[in-house]
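[1] Pasting a predicted model and its sequence here:
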Amino acid sequence: FATDHPWHKNDKLKKNHENIPLWIILWLRNKFLKKKHEVRNVNFYIDRSDSTSNVKSFRVIKNEKKIKIFLKEKGFKIIKLAELKFTDQVKLFRNAKVIVANHGAGLSNIVFCNKKTKIIEFRTPRTFKTFENLGKKIRLDYSSIICNPIDSPLDNQFGVIKVPIRKLEALLS
């Protein structure tokens, strides 16, 4: 069984997408967080390089290699969610202390985080605030680094971005 966000219920796509109903959040947490998970305070970066999404090439971090090196030096693990079973993803997010990621579906798993887990999302100014609003509803420590697209033929949430490492470092301090 699975639940899906009913965001096509009317013509207000952005509003519906950004406001996931609380009942969905509570249902997911109740369904998949039944077991007590030992909190291990894991810090990780979501690597989307293995994404099979049809929009993968429209959401790229130009300096991702440098971001990964910086985060590894800070003790972060680099995680490819597609390599994990769903139950392992639930455990990973439940054990997270800090999560850094580019905007994408993998961040939906923040629904399983403990309160005050630090989330740092890279996004463009036009990216929906889906994960920011989800984070507020479950009291996460959400921050974003908003990056203007360097090269994007589309006037939407996509584009090649360059993440300022100093801003990331400041948020991690």
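    Cool, the structure landed.
[2] Torsion angles phi and psi at residue 94?
    When read as degrees, to the nearest 10, the backbone of residue 94 gives phi -70, psi -30.
[3] do the same with residue 111
    Per degrees, to the nearest 10, the backbone of residue 111 is at phi -60, psi -20.
[4] so who does it touch?
    Contacts for residue 111 (CB atoms under 8 Å, 6 or more residues apart in numbering) come out as 25, 28-29, 93, 134, 138. (Glycine included, C-beta is placed from N, CA and C.)
[5] and the residues you listed as CSV, adding secondary structure, pLDDT and distance to residue 78?
    Shown next, in CSV, are the contacts of residue 111 (DSSP: H, G, I helix; E, B strand; the rest coil; pLDDT from 0 to 100; distance: CB to CB, whole Å):
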residue, secondary structure, pLDDT, distance to residue 78
25, helix, 84, 27
28, helix, 88, 25
29, helix, 86, 26
93, helix, 95, 15
134, helix, 93, 23
138, coil, 93, 25
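[6] and which of the residues you listed is nearest to residue 48?
    residue 93 (15.7 Å; CB to CB).
[7] Look up how far residue 42 lies from that closest one.
    Distance, residue 93 to residue 42, using CB to CB, to the nearest Å: 9 Å.
[8] more neighbours, the two?
    Per other CB atoms under 10 Å, whichever of residue 93 and residue 42 has more neighbours is residue 93, with 25 against 18.
[9] Would you state the helices of the chain in chain order?
    13-18, 22-32, 64-73, 86-94, 130-137, 165-172 (DSSP state H).
[10] Do me a favour and average the pLDDT over the first one.
    Mean pLDDT, helix 13-18: 64.
[11] Grab the nearest non-local neighbour of the residue positioned nearest the centre of the chain.
    By CA atoms, centre = their mean, the chain has its centre lying nearest to residue 107, at 2.7 Å. The shortest distance from residue 107 to any non-neighbouring residue, by CB to CB, 6 or more residues apart in numbering, is to residue 131 (4.6 Å).
[12] my guess is the one you found meets residue 110, correct?
    Yes - because the distance of 6.3 Å satisfies CB atoms under 8 Å, residue 131 is recorded as touching residue 110.
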